[in-house]
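Chemist: Structure for the following, please:
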Amino acid sequence: MQLFLRKFETKHNSAPFNQIKLTDYKEAFEKTIELARTEIDSIVNNAEKPTFSNTIEALDFSGENLDRLSSIFFNLNSAETCDEMQKIAQEVSPLLTAFSNDIALNEELFKRVKTVYDQKDALNLTTEQATLLDKKFKGFSRNGALLNEEDKLKLREIDTELAKLKLTFGENVLAETNNYQLHITNESDLKGLPDGAKEMAASLAKSKNLEGWVFTLDFPSYLPFVTYVENRELRKEISIAAGKKAFQDNEFDNKENVKRIVELRHKRANLLGYQSHSHFVLEERMAQNPEKVQSFLNDLLEKAKPAAQKEFAQLTTFAKELDGIEQLEKWDGAYYSEKLKQKLFSLDDELLKPYFKLENVLNGAFTIAEKLFGITFKEVFDIDKYHEDVQTFEVLDFEGQLVAVFYSDFFPRKGKRNGAWMTSYKPQYIKDGINERPHVSIVCNFTPPTETKPSLLTFNEVTTLFHEFGHALHGMLANTTYPSLSGTSVYWDFVELPSQVMENWCYEPEALALFAKHYETGEIIPQQYVEKIKESASFLEGMATLRQLSFGILDMTYHGKSQTIDDVKAFEKQAMEIASLYPDVEENCMSTSFSHIFQGGYSSGYYSYKWAEVLDADAFAYFQEKGIFNKEVATKFKDNVLSKGGTELPMELYKKFRGQEPKVEALLKRAGLI
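Modeler: This is a model prediction of the structure:
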């Protein structure tokens, strides 16, 4: 427990995973909260008049031990959890909510912040300092500091309940994912499935002491099954299982949690004087308000829908000609898309996978970062890790100085939630003249190695790795003074720019030549495959765009106005109808496992994936114009976007990099929609 009350005595002050016991956490949270309270009290009770330094800066640097503990605990709760850890999360979550409310609703502290804020024009602050001051003031005003005592109490109750509900929502989704398995004993049922996926399923069955093959709802297991297995009934079974996670009227059902989360978010927004949760959230986004988001989504919908309908008709005709399918269903989508792609481009993932050995792809990402941003990655074995699958790296500049510590964690396992994400164990900041470097991690769920093959990635997994690596670069190359403005601490609809822009290198022959090498022969990926990858990049892009838009529309429908939701399924169906192509599946409901908006931080923000695509298409067009490894453009991107974090308004940073505001045409052109 004492561990968390001082600087870690480890290499680069890295997290001492091997020294942490589960039983330490509860007391460690209590003690570090107490320590953070003492720091807040010393700011409040400072006899000197409030200044930027003794109030705003002091506030930003306070609670370092607690922040460090929280990042370690909650990161592990996503990547390496267990029942006991989830129980601790439920216990400490209200303590943390209460503490953050104690700060946000501390009148004396707010008075000091407001005093500094009211004289900001006379303080001669740098841009970064002015941004921090604005952020701190809004941190209070947007979290109830201006409310009366009765309403402050209501806000506390709402926040405590919301924190617990979000945790429960995520636990239910994980439990439902873990509770399902499709056990197959007849090999003929697996006709069409590639050998690698079959071998993985056999190895999973073996680990469970079962004969045959086992498939789960983990993406590397689920996706090959619905993409390649010819048996339509089995595709239907696993597809419906995936679609009804936490929608089964059992102990893990999330319907009431969805209703309650939406209701509490609206109540909270109204209490703070906002029309809706979306109005509250979007005030601090590039998009600014729900009307602008709605108009952005509708505009893209209008452009993408005709293309999507045309593609869907093409896919339907193809399925009918091939197998006499009269009505294309959701469990047919991936299967016939893959078949059509093979027909049109003579390209399928199984053909490409041998060229995408995980280690090579990761090294490719490292090499590209080195060429663009002048950093190198060196694997080290003397930094603690929380699971044997994790790799640890020192990131160095050309002078050999430490830029960051980097962790990678790539394979699915029982205690790890689905999906892929980047996170941080320690932020970057400058204090007492020392530039503290960040510790950054990417966590994915890729196809693991088998007894006969290394981990070979699908092209989709390759772009996922580059996506998360883009987020990681945003964290690793951070160079700001204050922890709360560092790295990915930016407006939510700007945070996806670095990640999405990195995906573009996966389609460039010059970049692919660096890492796409056959795992057995070392042969570089043939040029005709590269051309086909580029050609097929916008294959069924209309349908893919419509799908993303439907999620953004659902998010905004939940959060854009106060309402009573009687039936989650009916509500979802009506909201998504405008962007739906496939017939509805009665047993399925997306909302009950829509973790992005009900557990993660994307509520009223799901649109930002498409918003960031506009930014990334426009940004990459600049690279293409000057050369994809052009040092001048890369340096501009590093200096004005990656290193700056949230120190300035995102549009200002973007314009400094690009010389102009982004144009939506770049995206539409890349997607083949114009």
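
Chemist: pLDDT below threshold where in the stretch 51-200 of the chain?
Modeler: Applying pLDDT under 70 to the stretch 51-200 of the chain picks out no residues at all.

Chemist: now the helices for it?
Modeler: 58-61, 64-79, 83-104, 107-118, 127-141, 149-179, 195-207 (DSSP state H, counting those that start in this stretch).

Chemist: so the second one versus helix 83-104, what angle?
Modeler: Angle, helix 64-79 to helix 83-104, by axes from the mean of the first three to the mean of the last three C-alpha atoms, to 10 degrees: 140 degrees.

Chemist: packing partners for helix 64-79?
Modeler: helix 25-44, helix 83-104, strand 421-426, strand 439-443 (3 or more C-beta pairs under 8 Å, 6 or more residues apart in numbering; DSSP states H and E). In short, each C-beta sits where N, CA and C put it, glycine included.

Chemist: before we move on, back to that, now the helices of the stretch 51-200 of the chain in JSON lines, with mean neighbour count and distance to residue 237?
Modeler: Listed next are the helices of the stretch 51-200 of the chain as JSON lines, based on neighbours: other C-beta atoms under 10 Å; distance: least, C-beta to C-beta, whole Å:
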{"stretch": "helix 58-61", "mean neighbour count": "18", "distance to residue 237": "52"}
{"stretch": "helix 64-79", "mean neighbour count": "20", "distance to residue 237": "28"}
{"stretch": "helix 83-104", "mean neighbour count": "17", "distance to residue 237": "28"}
{"stretch": "helix 107-118", "mean neighbour count": "17", "distance to residue 237": "56"}
{"stretch": "helix 127-141", "mean neighbour count": "18", "distance to residue 237": "48"}
{"stretch": "helix 149-179", "mean neighbour count": "18", "distance to residue 237": "15"}
{"stretch": "helix 195-207", "mean neighbour count": "18", "distance to residue 237": "15"}
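
Chemist: Need those in CSV (columns: distance to residue 5).
Modeler: CSV is the format used below for the helices of the stretch 51-200 of the chain (distance: least, C-beta to C-beta, whole Å):
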stretch, distance to residue 5
helix 58-61, 17
helix 64-79, 6
helix 83-104, 16
helix 107-118, 23
helix 127-141, 26
helix 149-179, 24
helix 195-207, 40
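
Chemist: closest to residue 289 out of those helices?
Modeler: Checking these against residue 289 by C-beta to C-beta gives helix 127-141 as the closest, at 15.9 Å.

Chemist: just the CA coordinates of the closest one, formatted as PDB?
Modeler: In PDB, the C-alpha atoms belonging to helix 127-141 read as follows (Å, rounded to 0.1, in the frame of the first residue of the first chain):
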ATOM      1  CA  THR A 127      -1.600  30.500 -24.700                       C
ATOM      2  CA  GLU A 128      -1.100  27.300 -22.700                       C
ATOM      3  CA  GLN A 129      -1.700  29.100 -19.300                       C
ATOM      4  CA  ALA A 130      -4.800  30.800 -20.600                       C
ATOM      5  CA  THR A 131      -6.200  27.500 -21.800                       C
ATOM      6  CA  LEU A 132      -5.500  25.900 -18.400                       C
ATOM      7  CA  LEU A 133      -7.200  28.700 -16.600                       C
ATOM      8  CA  ASP A 134     -10.200  28.500 -18.900                       C
ATOM      9  CA  LYS A 135     -10.300  24.700 -18.400                       C
ATOM     10  CA  LYS A 136     -10.100  25.000 -14.600                       C
ATOM     11  CA  PHE A 137     -12.800  27.600 -14.400                       C
ATOM     12  CA  LYS A 138     -15.100  25.600 -16.600                       C
ATOM     13  CA  GLY A 139     -14.200  22.400 -14.600                       C
ATOM     14  CA  PHE A 140     -16.000  24.100 -11.700                       C
ATOM     15  CA  SER A 141     -18.800  26.000 -13.500                       C
END
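
Chemist: Give me the angle between that helix and helix 83-104.
Modeler: 100 degrees.

Chemist: Helix 127-141: how far from the chain's middle?
Modeler: For helix 127-141, the separation from the chain centroid amounts to 25 Å (computed by C-alpha atoms, centre = their mean, to the nearest Å).

Chemist: now the angle from that helix to helix 107-118?
Modeler: Going by the same axes, to 10 degrees, helix 127-141 makes 140 degrees with helix 107-118.

Chemist: Need the residues that contact helix 127-141.
Modeler: Under the criterion C-beta atoms under 8 Å, 6 or more residues apart in numbering, residues 52, 56-57, 59-60, 104, 109-110, 113-114, 116-117, 120, 123, 125, 146, 284, 480-482, 484-485, 646-648 lie in contact with helix 127-141.

Chemist: which ones are touching residue 302?
Modeler: Contact analysis of residue 302 by C-beta under 8 Å, 6+ apart lists nothing.

Chemist: Serialize the helices and strands packed on helix 64-79 to TSV and add fields for distance to residue 151.
Modeler: Output for those, formatted as TSV (distance: least, C-beta to C-beta, whole Å):
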stretch	distance to residue 151
helix 25-44	22
helix 83-104	12
strand 421-426	34
strand 439-443	39
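
Chemist: I'd like to know which of those lies nearest to residue 162.
Modeler: helix 83-104 (8.0 Å).

Chemist: Packing partners of the closest one?
Modeler: Helix 83-104 packs on helix 25-44, helix 64-79, helix 149-179, going by 3+ C-beta pairs under 8 Å, 6+ apart.

Chemist: CA-only coordinates of stretch 85-92 in CSV, if you can.
Modeler: Extracted in CSV, the C-alpha atoms of stretch 85-92 (Å, rounded to 0.1, in the frame of the first residue of the first chain):
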residue,chain,number,x,y,z
MET,A,85,-11.1,-6.5,-9.1
GLN,A,86,-14.5,-5.7,-10.4
LYS,A,87,-15.8,-5.8,-6.8
ILE,A,88,-13.1,-3.3,-5.8
ALA,A,89,-14.0,-1.1,-8.7
GLN,A,90,-17.6,-1.0,-7.5
GLU,A,91,-16.3,0.0,-4.0
VAL,A,92,-13.8,2.6,-4.9
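
Chemist: Run the chain-centre distance for that stretch.
Modeler: On C-alpha atoms, centre = their mean, the centre of stretch 85-92 falls 22 Å from the chain's centre.

Chemist: before we move on, what about stretch 100-112?
Modeler: 31 Å.

Chemist: Ends of it, what's the gap?
Modeler: 17 Å (C-alpha to C-alpha, to the nearest Å).

Chemist: and what of stretch 207-216?
Modeler: By C-alpha to C-alpha, one end of stretch 207-216 lies 13 Å from the other end.

Chemist: Name the spans of the chain whose pLDDT lies under the cut-off.
Modeler: Judged by pLDDT under 70, the stretches of the chain that qualify are 1.

Chemist: tell me the centre residue of it?
Modeler: residue 421 (4.6 Å; C-alpha atoms, centre = their mean).

Chemist: Looks like it contacts residue 74 (just checking).
Modeler: No: with contacts counted by C-beta atoms under 8 Å, residue 421 stays clear of residue 74, the gap being 11.8 Å.

Chemist: Shouldn't residue 668 be within a helix?
Modeler: Yes: under DSSP: H, G, I helix; E, B strand; the rest coil, residue 668 falls within a helix.

Chemist: what's the distance between it and residue 576?
Modeler: Distance from residue 668 to residue 576, counting by C-beta to C-beta, to the nearest Å: 23 Å.

Chemist: Same check on residue 544?
Modeler: Counting by C-beta to C-beta, the gap from residue 544 to residue 576 is 15 Å.

Chemist: Neighbours of residue 542, how many?
Modeler: Using other C-beta atoms under 10 Å, residue 542 has 23 neighbouring residues.

Chemist: For it, give me its contacts.
Modeler: Neighbour list for residue 542: 304, 305, 306, 307, 308, 309, 310, 311, 671, 673 [criterion: C-beta under 8 Å, 6+ apart].

Chemist: 7 Å instead, please
Modeler: Counting by C-beta atoms under 7 Å, 6 or more residues apart in numbering, residue 542 makes contact with 304, 307, 308, 310, 311, 673.
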